[in-house]
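J.: Need coordinates for the below:
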Amino acid sequence: MLVRNRWVVLSIGMVAQVAGVSAIFGIPVVLPSLREDFGVSTAQAGILAGLPSFGLLLTLLLWGVVIDRVGERTTMVISLVSTTVTLALLWVAPGLWGVAAILTLLGAVGGPVNAASGRLVLTWFSVEERGLAMGIRQSGLPLGVGLAALVLPRAAEAWGFVGAMSLPGILALLAVPLVAAVPASPPRPPATMTDRGPTREGLEASSETETGSPYRRWPIWRVHGVSMLLGVPQITLMTYAALYLVQEQGWSPPAAGVMVAVAQVPGAVGRLVLGAVSDRDGERMRPVRLLAIVATVALLLLTLLPASLPWSALVLLPLCLVLTMWHNGLTFTSVAEIAGTSWAGRALAVQNWLQAVSTTLTPLLMAVVITFAGLPWVFAVSALFAAAAVAVVPVGRRNGRGNV
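T.: Model (predicted):
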């Protein structure tokens, strides 16, 4: 039986996103196992962790067209099944190069879940609820990372890297019947007249399909740019936080995984809170600027203080993890609202694609930083990108579609 309650649909989209995230972004939390199983250096392991993002780059724009043509449900089912099959191929991978190819394929097939579940929010929720709804949906990222951080390091100790990565594949497969229960399209009020004029929902539906390409205007490009810039510190923390605790602070891999997992809770809650606040205030991007400023300062402190005050890493590392997570729901909501329903699939795919550029290039950049300056300095370089985002954030008059 198909589900028709928008909050249930949102929950299903979130489950699908958690499954996809735990597959693609679960790799960094088992980097110590990956490094040991395949005999690679820290820098090389970081590059391998970035290969799913390279796979995203190859296919996300095409997936955006598919989402707008065939709908969210079909696209997510195809992606989840393909994710399960791809992770199963790790068991027969012919050595390190085979693993590298499979990790790239993982990103190529797993990418559309994020954009498709974002389009669900736009089509099922009104503008007054979208910030909260997108915040809930975007909490799937920290929840997926948190789940992976709790489960995968211990699984890797018992079964190795390949065995641990089978678990996200099973989760993706379990999500398939839930996604299949979502209707192909939501019940939507027609853009017709009432006795007092056009309905609010009708006007919204009409405006979103008649504005043409959002890429003829600058605001959406600036939101994309902010997401790319803030993606660098976010991916840096996601990739190297556990490894930093193991290598620089002497933690065990499971203990480091717990620390990363615990940080995901306020990361998820913050996205919900900021989304709800943005619904009330109509300010989607102004909070993003403040987050970028605070993150810049925190990342610089994380670079410098632990050398003389080792305990400070226990405060600053989870703080930076949390701060770098909070912007995603706001930027995704802003992109979706600027694009409208007719362009949302493509625009959110572009958003994911450009973030994947950051995700792919960040480990390469940080590998150079680690080689010449050491692991702690990846946080200083990340701070430079957060500072650049402050200048790019579009903040202007409120217009009912985000503060852009």
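J.: Give me the distance between residue 150 and residue 249.
T.: 19 Å (C-beta to C-beta, to the nearest Å). C-betas here are computed from N, CA, C, even on glycine.
J.: was I right about residue 100 contacting residue 51?
T.: Yes - checked against C-beta atoms under 8 Å, the pair residue 100 and residue 51 is within contact range at 5.9 Å.
J.: can you list residues touching both of these two?
T.: Common neighbours of residue 100 and residue 51, counting by C-beta atoms under 8 Å, 6 or more residues apart in numbering, are absent.
J.: Give the closest residue to residue 37 in space, chain neighbours not counted.
T.: Leaving out its chain neighbours, the residue that sits closest to residue 37 by C-beta to C-beta, 6 or more residues apart in numbering is residue 161, at 4.7 Å.
J.: Kindly report the same for residue 43.
T.: residue 367 (3.8 Å).
J.: picking up where we left off before, does the residue nearest to residue 37 sit in a helix, a strand or a coil?
T.: Counting by DSSP: H, G, I helix; E, B strand; the rest coil, the backbone at residue 161 sits in helix.
J.: ranges for the strands of this protein?
T.: Here the chain has its strands, by DSSP state E, at 193-194, 197-198.
J.: Off-centre distance for stretch 23-31?
T.: Mean-position distance between stretch 23-31 and its chain equals 13 Å (C-alpha atoms, centre = their mean, to the nearest Å).
J.: buried residues in that stretch?
T.: Using 16 or more other C-beta atoms under 10 Å as the test for burial, stretch 23-31 gives 23-31.
J.: do stretch 125-139 as well
T.: Neighbour counts over stretch 125-139 (16+ other C-beta under 10 Å) mark 125, 127, 129-139 as buried.
J.: try stretch 9-20
T.: Here stretch 9-20 shows 9-10, 12-20 as buried, counting by 16+ other C-beta under 10 Å.
J.: Please apply the same query to stretch 55-69.
T.: Those buried within stretch 55-69 under the rule 16+ other C-beta under 10 Å are 55-57, 59-61, 63-64, 66-68.
J.: Run through who's touching that stretch.
T.: Taking C-beta under 8 Å, 6+ apart as the rule, stretch 55-69 contacts 24, 75, 79, 103-112, 115-116, 119, 342-350, 352-353, 356-357, 359-360.
J.: sorry, back to before: looking only at neighbour counts, state which of residue 100 and residue 51 leads.
T.: residue 51 (22 against 16; other C-beta atoms under 10 Å).
J.: Please look at the more buried one and residue 103 and confirm they touch.
T.: Yes - with contact defined as C-beta under 8 Å, residue 51 reaches residue 103; the gap is 4.1 Å.
J.: wait, what's in contact with residue 218?
T.: Residue 218 touches residue 394, counting by C-beta under 8 Å, 6+ apart.
J.: Tell me the one among the buried residues of stretch 23-31 nearest to residue 176.
T.: residue 23 (13.6 Å; C-beta to C-beta).
J.: I'd like to know how many residues surround the residue nearest to the closest one when sequence neighbours are not counted.
T.: Excluding the flanking residues, the one nearest residue 23 by C-beta to C-beta, 6+ apart is residue 168, at 3.8 Å. Counted with other C-beta under 10 Å, the neighbours of residue 168 add up to 29.
J.: so how far is residue 151 from residue 168?
T.: Taking C-beta to C-beta, one finds residue 168 at 9 Å from residue 151.
J.: what's the answer for residue 100, then?
T.: Taking C-beta to C-beta, one finds residue 100 at 24 Å from residue 151.
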